[in-house]
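Chemist: here is my input; please provide its structure:
(one chain, ligands or ions: 1)
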Amino acid sequence: MMTQQAPRNHVSIKGLYKSFAKAPLYEDFNLNILRGKIVSIFGPNGCGKSTLINMISGITEIDSGEILFDGKTLKQTTIGYVFQNYRDALFPWMTSWDNIAYPLRRANLSEDKVKKRVGELFELFDIRFNLKLYPYELSGGQQQTVSIMRALAPEPEVLFLDEPFSALDFEMTLFIREKLQEVNLASGITMMIVSHDLEDAVFLADQILLLTRRPTRIAALLDFDLEKPRLAEAISDPKFIAMKSQALEIFQREMKAGSGL
Ligand SMILES: Nc1ncnc2c1ncn2[C@@H]1O[C@H](COP(=O)(O)OP(=O)(O)OP(=O)(O)O)[C@@H](O)[C@H]1O
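Modeler: Next comes the predicted model:
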């Protein structure tokens, strides 16, 4: 019989403080994310979902505290980030192929290795359009796919995604959901996904991080163990519906608490 190893902490946040213009957003915030999990971040408008992943990924400076990746600093860790607005995220002067290759060339990989890695991603994402096209020649969903391929190119340990589904049509949402699950299951990459849609947040999550209004605390970190890969029909599974209701209840309780109702 196989013995399963206990999952290890991957991202650990200790004693984090962050204010904007003297207004505290995070005060002594602590969080541990397990290796290989997909964690969705959900909470009220402006509670700091994007700021949280931006601080972990080094885009936004923290005031104080410690963020480590399995004991390593950010500098010692390869991460990937998919920006909310894919239209601005890709380099418009580079073909899609060169956009994906960009982080590999920056890391001074040989052109042979670059070609091999872009080829792997091409297969993995089952790409049916020409990667020699420029971003503006692609549909929104295709651009988002290229952004995700670029973020995955250097084989990051952790992938951050800021509302990756917000501008996608339903067909592309299903496609990207499927691919992110495949990547997670195949490579064990840890993912943190910011979402403003409860169904999107629940769909991919192994854990749902529910945040309060600011100063932001953890309202709940819910485990969701519905079998994977989850197909489109998973949304009508009783476990899925139950998880959505539980998250909604906590969210509504927090909204009431915050508004003094
Ligand atoms: N660079 C900044 N300067 C000043 N205030 C900021 C900055 N970045 C974020 N904030 C503020 O911090 C709070 C959290 O912002 P953030 O974008 O992280 O929230 P969010 O939960 O992702 O919001 P939304 O659901 O609206 O996308 C907001 O009140 C925002 O105005």
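Chemist: following the worst-scoring helix or strand of the chain on mean pLDDT, which helix or strand shows up next?
Modeler: When the helices and strands of the chain are scored by mean pLDDT, DSSP states H and E, helix 86-89 comes last with a mean of 85. Next helix or strand after helix 86-89 toward the C-terminus (DSSP states H and E): helix 96-106.
Chemist: what lies in contact with that next one?
Modeler: With contact meaning C-beta atoms under 8 Å, 6 or more residues apart in numbering, helix 96-106 is reached by 90-91, 94, 113-114, 117-118, 121, 131-135, 138, 142, 146, 149-150, 153-154. (C-beta placed from N, C-alpha, C; glycine too.)
Chemist: helices - which of the residues you listed land there?
Modeler: With helices taken from DSSP state H, the overlap with the contacts of helix 96-106 comprises 113-114, 117-118, 121, 142, 146, 149-150.
Chemist: so whichever residue of the stretch 51-200 of the chain sits closest to the ligand is in which element?
Modeler: When scored by C-beta to the nearest ligand atom, the stretch 51-200 of the chain has Thr51 as its residue closest to the ligand, at 3.2 Å. Using DSSP H and E, Thr51 sits within helix 49-56.
Chemist: what about this protein, any weak spots by pLDDT?
Modeler: Under the criterion pLDDT under 70, the flagged ranges of the chain are 1-6, 258-261.
Chemist: so where do the helices sit in it?
Modeler: Taking DSSP H, the helices of the chain run over residues 49-56, 86-89, 96-106, 111-124, 140-152, 170-187, 198-204, 238-259.
Chemist: looking at those helices, which is closest to Ser19?
Modeler: Closest approach to Ser19 among the helices of the chain (C-beta to C-beta): helix 49-56, 10.8 Å.
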